[in-house]
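coordinates only, no sequence provided:
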């Protein structure tokens, strides 16, 4: 899937470190899903690249290492919204 700036896109962002749900409001109301191996999966519907960069800057500012960013379709995000681990796929960028 190609992410464009024309409409809101759903992103899955995997970070190293555990965040609990209390961080959701500060991060703009996104879903926070703790994962095994001291990782957290963040699921967010964002209005374009500027909003994605703003969220990534917040994560950087608190020192949370970025593992991957994946742009997914709304339907795909809904199907995978449990706490299952994201596998390597189209649109995913790994940074580890």
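That came through fine. Computed from a prediction, not measured in an experiment: that's the story for all the values here.

any chance you could map the strands in this structure?
For the chain, applying DSSP state E gives strands covering 9-16, 31-35, 39-46, 66-72, 92-94.

now those as TSV including mean neighbour count, distance to residue 59 and mean pLDDT?
The way it works is simple: take the backbone N, C-alpha and C, and place the C-beta from them, glycine included. Formatted as TSV, the strands of the chain follow (neighbours: other C-beta atoms under 10 Å; distance: least, C-beta to C-beta, whole Å; pLDDT from 0 to 100):
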stretch	mean neighbour count	distance to residue 59	mean pLDDT
strand 9-16	21	6	94
strand 31-35	16	12	94
strand 39-46	20	8	94
strand 66-72	20	7	93
strand 92-94	12	14	52
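
relative to residue 23, which of those strands is closest?
Nearest of the strands of the chain to residue 23, taken as C-beta to C-beta: strand 31-35 at 6.0 Å.

quick one, that closest one and strand 66-72 angle?
Per axes from the mean of the first three to the mean of the last three C-alpha atoms, to 10 degrees, the angle that strand 31-35 makes with strand 66-72 is 130 degrees.

what packs against strand 31-35?
For strand 31-35, the packing partners by 3 or more C-beta pairs under 8 Å, 6 or more residues apart in numbering; DSSP states H and E come out as strand 39-46.

could you check the angle the strand it packs on makes with strand 9-16?
Using the same axes, to 10 degrees: strand 39-46 against strand 9-16 is 160 degrees.
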